[in-house]
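Peer 1: Fold the following and give me the result.
(2 chains)
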Amino acid sequence: MINFTEGTVNKSKLISRRMFTLTVAKFIIFGGIFGRLVSLQINESKKYRTLSDKNRFREWRLAPQRGVIKDYFDNEIASNKRVYQLHITPENASNIEGLFFRIQNILNLSNERVFSLKRKMAKQKPWEPIIVSDNLTWSEFSRINLFLHELQGVEAVVSVARIYPYKSTSHLIGYVSQASAKDLQKKEYLRNMSVPGISVGKTGLEHKLDENIIGKVGFQRYEVNAFGKRIRQIDLDKGQAGQNFKTTLDLDVQEFAAKTIENLAASICVMDIYNGDVITMVSSPTYDPNAFVHGIDKKSWKYLLDHRDKPLTNKSIAGLYPPGSTIKTIVALSALENDIANTKSNVYCKGVIDFYGEKFHCWKKKGHGSMNMRDAIKQSCDIYFYEIARKLGVDRLSETAKSFGLGSKTLGGFLEERSGVVPNTKWKKKFIGKNWYLGETLHSGIGQGYFLSTPMQLCLMTAQLANGGYKIKPRIVIDPNKKNQDNLKEYIEYKNANPNIPLPVDILVSNFNLEPLFRNQENINFIKDAMFASTNEPGGTSYRSRLTKKEFRFAGKTGSSQIKRFTEAQREAEVKQTELKYLDRDHALFIAFAPYDNPNYAISVVVEHGGTGSSAAAPVAKKVIQKVLERHELRMINKSKLGEEI
Amino acid sequence: MFTSRSIQSTLSFRDKIFSIDYILVFSILILGVISMFAMYSTDGGSFAYHTKSHILRFFVFFSLFIIISFFPIKFWFQSSLIIYLVFFLLLVGVKYFGLTSSGSQRWINLYVINLQPSELMKIGLILFLAKYYHRIPVSDVNKFRFLFLPIICVTAPALLVISQPDLGTAILIVAGGIIVAWLAGIKFKFFAYISIIFLALAPIAISFLKPYQKERILTFLNPDRDPLGAGYQIIQSKIAIGSGGLFGKGFLNGSQSYLDFLPEKHTDFIFTLFSEEFGFFGSVFILLLYSVILSRIVKIGHQTRSNFGKLYCYGFAGAFFVYVVVNMGMVLGLLPIVGAPLPIMSYGGSSMLAIMMGLGIAMSCKIYKDAPVN
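Peer 2: Down below sits the predicted model:
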C-alpha cells in the first residue's frame, strides 16, 4: 500500500516534471506565433495592404470620345455617331457555346468570326468584355434586346464611333482603326491609355492630330470579389472628349472638286495665296474611310490595294509627278533673278535641237519660230527653256525651285506626305552616285528627268508666285491659340494705299514679318503676266479653258509629264496621247491663280495619264476656280466672324 | 485517504458551484462571444445560417460543458474505455455508413446531428490513455508489453481517419496520444525510434497520399509555386492577416473575406478573418485568451490529486495547445494546410462538442480534485 502510494507520488512527480518541459515548449511556440504576427501585421503590413488592395480593386478604362473635325464653315467632316454594339462578358455567361449558337441564330455571324472570337476570349481575362459586333444595325440591335433576358452574359451597348460623312475628304482626314501593337509601340501617348479597342488615327489628319484629338482616357474603379465579379463602383472618371479641330477646308468646294474628277485618277489643291490656308485638297479615286472604323474585310482591302489608280494614296501630298512645263515659270524666274536672260532675249525654235549628238524636241513638231520669254511661257516652248536652262545650270535652278517650296514637305505632320525631288549635281552624286550630265539640265529645264513634285508643292509654288513672291506657310488646321497672321494681306493693303513709298526688303521683313523670295519683284510680276497670257491670249496653251468674266479671270500654266519617251517613229507619225495605252499616256498638269487682277487663290490640278495639261487638267481647274471664286465672299464674311471669335 | 473520500461524498451542490474555475469559464465565454461576432462577419454582416447555427451550438455545448463538469471524475475514469470504444465504433461506422462531402467521408448521420467521430476521438484517446497510464506503474511504462496497447489504440483510429481522408484530424489525434504517453514517462528515445521508422516508411506513405495532399505539402514548402492553385489559400490568408495591420480594418470591413478571397473562412480560416478585421491587437488578444485557458487547465492538473486527473488535464492542455498552434501556424503560413479547426472559434459542431466535452472533463477534475478515482 505504501509502495503503491510511493509509486503514485513518483509518477505524479514525473508527470509534473514533464509538464514543466511541455509548458516551456508552449511558451516558446506561442512566442513564435506572436513573432509571426508582429512580422506580418506590423513589419510587412504595408506590403500586404497593397496586395489586398490589388485584390480588391480593378479598373476598367473607358475609351474617350474623339474630337470632331470641322471645315471652315463649321460643317463636321469627321464626327461621331451612336453605334449599337454587342458585348459578351465570358464570366457572366453560363454556357459560351450555347450562347454563341443563340447569337448566330439571331445575327448574321460567320463561323470563322465565332472561332476568332473564341480564340480572343481564351487570351483575355474572363471579366473583360469581348466585342462581338461593334456596329449593329437598328433591327439587329432591337432583335438582340428582345432576346436579351435569355442571353446570359450578353450586353447590348450603345456606344460612340467615328463616322466620316463625306467621301471627298477621305484622304485628307484619313481614318481611325483599332490600335495595333505597332501603334502602341510607336506612339508614346497611347502607352498610358491602353483601352481595349481604342481607335487611333492611321493616316491623314486623324493621324496628325491624334495625340490631341483622341481625348483623355477615363476609368471606372470597382471593388471586385475573388471571382472578379464587380461588387460596387468606387471611382468614376469619365475622361475627357478629345479636342475639336477646325480646318481651313471649304467642304462645298471640296465636294465640288471631288465630283469634277470622280472618274479620273487625279488631284486638286486650292490654297489661299496670302495665308496659305488650304481650301481644297482632293484625291481621286477615293475610298470609304468608314469601312476601316469597324475593321475592313480582306476582300475590300485587297481591292483597294490592287486597284490600278491607287485609291488609298493621297495623290495631293503623296503622289509624285514630274512637274513638266509648270516648272517653266520657275526656270524663267530663276534666269531673270540670276541675270542669265532678260525678257527680251530671243531664241529660235525649229522644233528640235541637237545637243552633243542627242536630239531634244519641242512638243510642237514644226517649232514655234522666234520666241521671247513671254511667248515661250505662253506657248510653253521647250526649245526656249532648253536654252535658258543650259545657261542657268541646274544648281541655280534647284535653288530657286527649293525656295518656292519644291523638294520639301508642304504641310508637315502627315504620315503619308512625301517631299519629292529637286535635282542638282550634288543630289545626283549623293543619291545616284553619278556625275551630272548637261543633257539632264535640259530635261530639268522643262520639268522632266529627275524632277518630282507633289500637287500640293506645285500649288504652294503658284501661290507664292501669285502673292508677289512672298513665303507663306501652308496650313490646314486652325490653331485657336494662334492669331491668324495675315501680314501679307496687311502689307499689300498698305502698299495699295501708299503706292509711291518704296519699301526696302528689310522693312518688309521687320514690319510685316515677310520673307521675300525675290531679288526684284518685277521678275515675279513678269512671270504672272506671262501666265496671264498663257490662259487669256490666243495661242496660249490654256486659252480654251479661260474664264472671261473679269472677276473670274485667271492666269495659269499647263504641263504634261512624260511617262514614257516618245520613239522617233511615234514622233514622225504624230501619235496623239489619246491613242496611247492608258498607262503610257502623259500626266496632265495645270497650275493657276485667280482672279488675275486681285489674286486670292492658287490651284494645282494633276490628272494621271490625262494626256496634255491643256486638254485634261485646265478644264478641271476652270470649273473649280469658278466655284472657289463664287465662294470667296462667303469665306471673307466667315473669316471676319472667326477673327472676332479668336 | 478515507477522510478525503468522506469529504468528497459530502460535497454539497454549493461546494461544487464554488469550486468551479470561473476564470476558465469566463475565458471560454469571451472566446465564444468573439467567435459569434466573427461568424456574423463571415456571413457578410448578416444574421444568417452560419451565425445562427454557431450561436445555437455554442450555447448547447457550453451547457453540456457545465453538465459534464458535475459528473464525478470517478465516472469519467470508469467509463473512459467504453467512451473510447464507442467513438472507435463510430469511426468504423463512418467507413461504412458515412456521409461524403467534398471528397471525404467524415460524417455519420445520427438523426439529431451529423457527427464527425474523428473529432470526438481526439478526446476519447486522451481519456483512455490517461486511464491506461494511471493504472500501470512508472517502472513498467517503457516495457514493451505495455507499449503494445497504446500503439494499437493510437494507430488504429489514426489510420481510419487518414483513410477518410482527413490528414489534419489524424495528426491531431496522434499528437494528443503522444503527449499523454510522453507525460506518463515514455522515454524520448522511444519516440526517436518511432520517428525513424516513420521516416523509413514515408516513401510508402507518400504513395498512399491523395494527390491534393501531396500538393499541399509541396505548396507549403514554396507557396509561390502555384499562386492561383494550391498556394492560393496560404497567400490570401497572409495578405488578409498582414493587411490588417496594427488595428485591423474594422468589424465587417475585412475585404479579403468579404470579397471571398479567403477560403474556408467559417472553419479553418476564422482566425484570419478575425485578424484582418481586428489587427495585431485583436490577434494577440485571442492568443492571450488561449494562453489563459491553457494555463487554467494546467493549473487544474496541478490541483487535482489523482494521476488520472493530472494526465488527463496536462494531456488535454497539450492537445488543445497543438490544435491552436496547428491552426494558427497554418493560417500564418508557418505550417502546411492540413485542415484543422481552431478550438471554439471555428464553425463545426463536432469540433465544438469534442472541445466542450474535453473542457468539461477537465472542470470535473477541478470540482472533484480531492476525490480518488478508484
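Peer 1: Show me which residues of the stretch 101-250 of chain B are close to chain A?
Peer 2: B:137-139, B:179, B:182-185, B:236, B:238-246 (C-beta under 8 Å from any C-beta of the partner chain). Placement of C-beta: from N, CA and C, glycine included.
Peer 1: try it again with 7 Å
Peer 2: Proximity of the stretch 101-250 of chain B to chain A is confined to B:137-138, B:182-183, B:185, B:238-246 under the rule C-beta under 7 Å from any C-beta of the partner chain.
Peer 1: which residue does the stretch 101-250 of chain B bring closest to chain A?
Peer 2: B:Gly242 (2.6 Å; C-beta to the nearest C-beta).
Peer 1: Am I right that that residue is in a strand?
Peer 2: No. B:Gly242: not assigned to a strand; according to DSSP: H, G, I helix; E, B strand; the rest coil it is helix.
Peer 1: Just say helix, strand or coil for the closest residue to it other than its chain neighbours.
Peer 2: Once flanking residues are discounted, B:Gly242 sits nearest to A:Tyr48: 2.6 Å by C-beta to C-beta, 6 or more residues apart in numbering or on different chains. Using three-state DSSP, the structure places A:Tyr48 in helix.
Peer 1: How about the contacts made by A:Tyr48?
Peer 2: A:Leu40, B:Lys238, B:Ile239, B:Gly242, B:Ser243 (C-beta atoms under 7 Å, 6 or more residues apart in numbering or on different chains).
Peer 1: pretty sure the third one contacts A:Thr50?
Peer 2: No. Counting by C-beta atoms under 7 Å, no contact exists between B:Ile239 and A:Thr50, whose distance comes to 9.3 Å.
Peer 1: For these two, work out which one has more neighbours and name it.
Peer 2: B:Ile239 (26 against 13; other C-beta atoms under 10 Å in any protein chain shown).
Peer 1: quick one: contacts for the more buried one?
Peer 2: B:Ile239 touches A:Tyr48, A:Leu51, A:Ser52, A:Asn55, B:Gln256, counting by C-beta under 7 Å, 6+ apart.
Peer 1: Name the helix or strand of chain B that has the lowest mean pLDDT.
Peer 2: helix B:2-9 (a mean of 47; mean pLDDT, DSSP states H and E).
Peer 1: immediately after that helix, which helix or strand?
Peer 2: helix B:13-19 (DSSP states H and E).
Peer 1: name the helices or strands packed onto that following helix?
Peer 2: Counting contacts by 3 or more C-beta pairs under 7 Å, 6 or more residues apart in numbering or on different chains; DSSP states H and E, helix B:13-19 is packed against helix B:349-367.
Peer 1: what about the helix it packs on and chain A, touching?
Peer 2: No. On the criterion C-beta under 7 Å from any C-beta, helix B:349-367 is out of touch with chain A, staying 13.3 Å away.
Peer 1: packing partners for that helix?
Peer 2: Against helix B:349-367 (3+ C-beta pairs under 7 Å, 6+ apart) you get helix B:13-19, helix B:49-70, helix B:73-97, helix B:117-135, helix B:270-303, helix B:307-331.
Peer 1: okay if I get those as JSON lines plus mean neighbour count and mean pLDDT?
Peer 2: Formatted as JSON lines, those follow (neighbours: other C-beta atoms under 10 Å in any protein chain shown; pLDDT from 0 to 100):
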{"stretch": "helix B:13-19", "mean neighbour count": "12", "mean pLDDT": "87"}
{"stretch": "helix B:49-70", "mean neighbour count": "17", "mean pLDDT": "94"}
{"stretch": "helix B:73-97", "mean neighbour count": "18", "mean pLDDT": "93"}
{"stretch": "helix B:117-135", "mean neighbour count": "26", "mean pLDDT": "94"}
{"stretch": "helix B:270-303", "mean neighbour count": "22", "mean pLDDT": "95"}
{"stretch": "helix B:307-331", "mean neighbour count": "26", "mean pLDDT": "94"}
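Peer 1: Would you mind saying which of those helices lies nearest B:Met36?
Peer 2: B:Met36 lies closest, by C-beta to C-beta, to one member of those: helix B:49-70, at 5.3 Å.
Peer 1: Send me the closest one as CSV with only the CA atoms.
Peer 2: Extracted in CSV, the C-alpha atoms of helix B:49-70 (Å, rounded to 0.1, in the frame of the first residue of the first chain):
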residue,chain,number,x,y,z
TYR,B,49,-27.3,30.5,-41.3
HIS,B,50,-23.7,30.1,-40.0
THR,B,51,-24.1,32.6,-37.3
LYS,B,52,-27.4,31.3,-36.0
SER,B,53,-26.2,27.7,-36.1
HIS,B,54,-22.9,28.6,-34.4
ILE,B,55,-24.6,30.5,-31.6
LEU,B,56,-27.0,27.7,-31.0
ARG,B,57,-24.2,25.1,-30.9
PHE,B,58,-22.1,27.2,-28.7
PHE,B,59,-24.8,27.5,-26.0
VAL,B,60,-25.9,23.9,-26.3
PHE,B,61,-22.4,22.6,-26.0
PHE,B,62,-21.5,25.2,-23.3
SER,B,63,-24.4,23.9,-21.2
LEU,B,64,-23.1,20.4,-21.9
PHE,B,65,-19.7,21.5,-20.7
ILE,B,66,-21.2,22.6,-17.4
ILE,B,67,-23.2,19.4,-17.0
ILE,B,68,-20.2,17.2,-17.7
SER,B,69,-18.3,19.2,-15.1
PHE,B,70,-20.7,18.0,-12.4
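Peer 1: So what touches it?
Peer 2: Here helix B:49-70 makes contact (C-beta under 7 Å, 6+ apart) with B:16, B:20, B:32, B:35-36, B:39-40, B:42-43, B:266, B:347, B:349, B:352-353, B:356-357, B:359-361, B:363-364, B:367.
Peer 1: Taking helix B:73-97 as reference, get the angle to it.
Peer 2: Interaxial angle, helix B:49-70 versus helix B:73-97 (axes from the mean of the first three to the mean of the last three C-alpha atoms, to 10 degrees): 140 degrees.
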